[in-house]
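Enquirer: Return atomic coordinates for the entry below.
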Amino acid sequence: MDEQKLLERITINSEIFGGKPIIRGRRIAVEHILGMLAAGATAESILEHYPYLEADDIRACLVYARRLVGNERVEPAFVGTAT
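Expert: Model (predicted):
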C-alpha cells in the first residue's frame with residue numbers, strides 16, 4: 001500500500017480526543033500507537049492487544065509521524081563552542 005493510501009487511515013474528529021489524529025475514526029490515537037512503539041512494543045503485540053487494528057494502521061502511524069518530522073525545523077536552544 002502506498003503512503004497516500006496509508007495516510008487515509010489517519011483521521012481527525014473534533015469530538016474524539018479533542019481533534020487529535022486517530023486511526024480510521026476509532027478511539028485510538030496515533031500518539032498512543034507511537035508511544036507504545038517507542039516504549040518497545042512490537043507491531044505484533046499491539047495487534048494482539050487491539051484486534052480491530054490492522055498492520056497497515058501501524059504503518060500509517062509511522063508514515064504520519066515521518067511526514068510531520070520531515071517538515072519540522074529544530075533550532076538548538078544553545079549553541080556553544082567546543083572546548
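
Enquirer: Look up how far residue 21 lies from the most centrally placed residue in the chain.
Expert: For the chain, the residue nearest the mean C-alpha position is residue 61 (3.4 Å; CA atoms, centre = their mean). Note on residue 61: its distance to residue 21, by CB to CB, to the nearest Å, is 8 Å. Yep, even glycine has a C-beta here, placed from its N, CA and C like the rest.

Enquirer: for residue 59, same thing?
Expert: Separation of residue 59 from residue 21 (CB to CB): 14 Å.

Enquirer: Next: residue 75.
Expert: Taken as CB to CB, the span from residue 75 to residue 21 is 25 Å.

Enquirer: which of the two has more neighbours?
Expert: residue 21 (19 against 5; other CB atoms under 10 Å).

Enquirer: Next up, the contacts around the residue nearest to the centre of the chain.
Expert: By CB atoms under 8 Å, 6 or more residues apart in numbering, residue 61 lies in contact with 10, 23, 30, 33-34, 37.

Enquirer: which of those are buried?
Expert: For these, a neighbour count by 16 or more other CB atoms under 10 Å gives the buried set as 10, 23, 30, 33, 37.

Enquirer: Contacts only, for the first one.
Expert: If you count contacts by CB under 8 Å, 6+ apart, residue 10 has them with 21-23, 30, 60-61, 64.

Enquirer: can you list the residues you listed in CSV and add pLDDT?
Expert: Below are the contacts of residue 10 laid out as CSV (pLDDT from 0 to 100):
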residue, pLDDT
21, 97
22, 97
23, 97
30, 98
60, 98
61, 98
64, 96
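
Enquirer: Can you lay out the residues you listed as a markdown table showing secondary structure?
Expert: Listed next are these as a markdown table, based on DSSP: H, G, I helix; E, B strand; the rest coil:
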| residue | secondary structure |
| --- | --- |
| 21 | strand |
| 22 | strand |
| 23 | strand |
| 30 | helix |
| 60 | helix |
| 61 | helix |
| 64 | helix |
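
Enquirer: Quick check: of these, which lies closest to residue 46?
Expert: Residue 46 has its nearest neighbour among the contacts of residue 10 in residue 61, at 9.7 Å by CB to CB.
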